[in-house]
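Asker: Mind looking at a prediction? Sequence and model below.
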Amino acid sequence: VPVAEKRLVDVKLGELGSWLGTRDFTPNGILASIRKGHDRYYNKYINVRKGGIGGVAMLLAGYVALSYVWEFEHLKHDRWRKYH
Amino acid sequence: MLSRLVLVSANAAKNSSPLGAGLVQLSRLHTSPNSQAPVPPLPEKGGKTRHGIFPEELFQLLYPKTGVTGPYMLGAGLLTYFLSKEIYIINHETISAACMATVIIYSVKRFGPDVAAFADKLNEEKLQKAEEVKALAVASLAQAIEDEKKEQWGVEGQHLLFDAKRNNVAMLLETNWRERVHTVHNEVKKRLDYQIALQSLHRRMEQEHMVSWVEKNVVSSITPQQEKTSIAKCITDLKSLAKIQQAKATV
């Protein structure tokens, strides 16, 4: 199976560079990958008969984590110790 | 952008059914005109998650190498690392986060099943309404089929109707024909009777005329002399006859 068609989980570490080279980084390609990712997540966790809380909870948790990451520069001043 | 995504999918998934079902159908329409195969049914349950936020795939990924406690050890190690290096900083927000987490977990554990049952009930009602519409349509179409079959059966019997009508018409024609033949017969008979009456009248008149003519001639031919002599002869004949009678009577 050629490198370009493998999924990321199947790509070996040594092939990572060449695999990245085959990816489509044009704006259309990026939009397509975003849409595909959204569809995969949506169809797996939300688009079901009896969805659980996991579908929404994972998105909220991700939002919390991401907002913490963006706020880190401000929070750095609240540190208890200067040297770790 | 992610937050907006979260809001949309939160609305869509909170009920896990009514809105979700509506949005669901939108994403599963036949977008290409080629495939007319029936859309596969929705999966029953979503992907599994442990403790609500960690996908089961992570645990399955680490199981061969680290066993059951692997991901928990990973979590504990990461937490210790973040705390000790103060990548996660403990401040007032930590306390509020802890309080909110408590409230959220308690409410989910307590009210989760009820909300899920309510959402499922809403979905059931929707499905039932759609089913009713479908059943109604099917019933009406079946009724239409029945009516059509009845019509076809009725048409088969129409030829009997036409036969009866044809018989009626034939009878009318026959009656009319017979009436006219009767009329003709009567008319002809009348004319023939007239001719017979005429001929008999002729003969009678000729007879009577002839008789009266003969009588008249005879009477006129009796001269007075002949009349006297004939009367005298009659008287002598009568006298002689009387004599004979008298003679017979005395004998």
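Answerer: Nice, I can see it.
Asker: I would like the C-alpha coordinates for stretch B:118-129, written out in CSV, please.
Answerer: Only the C-alpha atoms of stretch B:118-129 are listed here, as CSV (Å, rounded to 0.1, in the frame of the first residue of the first chain):
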residue,chain,number,x,y,z
PHE,B,118,-38.0,12.2,27.5
ALA,B,119,-36.0,12.8,24.4
ASP,B,120,-36.6,9.2,23.2
LYS,B,121,-40.3,9.7,23.8
LEU,B,122,-40.3,12.8,21.7
ASN,B,123,-38.6,10.9,18.9
GLU,B,124,-41.0,8.0,19.2
GLU,B,125,-43.9,10.4,18.8
LYS,B,126,-42.4,11.8,15.7
LEU,B,127,-41.8,8.4,14.3
GLN,B,128,-45.3,7.4,15.2
LYS,B,129,-46.8,10.4,13.4
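Asker: buried set for that stretch?
Answerer: B:119, B:120, B:122, B:123 (16 or more other C-beta atoms under 10 Å in any protein chain shown). Where you see a C-beta, it was placed from the backbone N, CA and C, and this is true even at glycine.
Asker: Around chain B, pick out the residues from chain A.
Answerer: A:38-39, A:42, A:44-63, A:66, A:68, A:72, A:75-76, A:78-81, A:84 (C-beta under 8 Å from any C-beta of the partner chain).
Asker: Next step: those restricted to helices.
Answerer: Among the residues of chain A next to chain B, DSSP state H puts A:38-39, A:54-63, A:66, A:68, A:72, A:75 in helices.
Asker: May I ask which two of those are separated the most?
Answerer: Spanning the widest gap among those are A:39 and A:75, at 34.5 Å by C-beta to C-beta.
Asker: neighbour-wise, which of the two wins?
Answerer: Higher neighbour count among residue A:39 and residue A:75: residue A:75, with 15 against 12, using other C-beta atoms under 10 Å in any protein chain shown.
Asker: Just want the residue of chain A that's nearest chain B.
Answerer: At 3.2 Å from chain B, residue A:54 is the closest residue in chain A, using C-beta to the nearest C-beta.
Asker: Please name the nearest non-neighbouring residue to that residue.
Answerer: Nearest residue to residue A:54, sequence neighbours excluded (C-beta to C-beta, 6 or more residues apart in numbering or on different chains): residue B:49, at 3.2 Å.
Asker: Now do the phi/psi pair for the one you found.
Answerer: phi -130, psi 150 (degrees, to the nearest 10).
Asker: contacting residues for it?
Answerer: By C-beta atoms under 8 Å, 6 or more residues apart in numbering or on different chains, the contact list for residue B:49 reads A:45, A:52, A:54, A:57, A:58, B:55, B:56.
Asker: Need the per-residue pLDDT for the spatially closest residue to the last one that is not a sequence neighbour.
Answerer: Nearest-residue entry for residue B:56: residue B:48, 3.9 Å, with adjacent residues in sequence omitted and distances by C-beta to C-beta, 6+ apart. The predicted local distance difference test score for residue B:48 is 86.
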